[in-house]
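**Q** Sharing a model prediction with you, sequence too.
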Amino acid sequence: QVQLVESGGGLVQAGGSLRISCAASGRTFSTYAMGWFRQAPGKEREFVAAISWSGLSTYYADSVKGRFTISRDNAKNIVFLQMNSLKPEDTAVYYCAAKLYGRTYYYTADDYDYWGQGTQVTVSS
């Protein structure tokens, strides 16, 4: 069983930055591919960013490319999402997800095995 706990969400003005984190349990974190998804009110959950187990491969949704950066620290079992130049449309609950034995990145929600509870990010205009 893998537990994922997100943190770092909050309220930020448009144009600002925020870094959210996801701490994972388990001794084999370095074998998990990780991803971030988000869900805005009244909308479906959508892919944001993903990273391979090594951290060498990353992939982003077009809507966040160039503004968001996903990274991981396998020694600390944690994955980050650095969000810059935030827009009101980035407002959502952000979820991290883990895929066991994920050599590459994955951008489909069904590929993931475990999910966190989410952290709210609100961007005011």
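**A** Cool, the structure landed.
**Q** Next up, identify which helix or strand the spatially most central residue of the chain is on.
**A** In the chain, the C-alpha nearest the mean C-alpha coordinate belongs to Trp36, at 2.5 Å (CA atoms, centre = their mean). Assessed by DSSP states H and E, Trp36 sits inside strand 32-39.
**Q** Name the residues linked to the residue nearest to the centre of the chain by a beta bridge.
**A** Using DSSP bridges, the beta-bridge partners of Trp36 come out as Ala49, Cys96.
**Q** was I right about it contacting Ile70?
**A** Yes: counting by CB atoms under 8 Å, a contact exists between Trp36 and Ile70, whose distance comes to 6.4 Å. No exception for glycine: its C-beta is placed from N, CA and C like everyone else's.
**Q** Mutual contacts of the two, please.
**A** Ala49, Ala50, Val79, Leu81 (CB atoms under 8 Å, 6 or more residues apart in numbering).
**Q** Pairing partners for Val12 in the sheet, please.
**A** Val123.
**Q** If you count neighbours, what's buried in the strand holding Trp36?
**A** Tyr32, Ala33, Met34, Gly35, Trp36, Phe37, Arg38 (16 or more other CB atoms under 10 Å).
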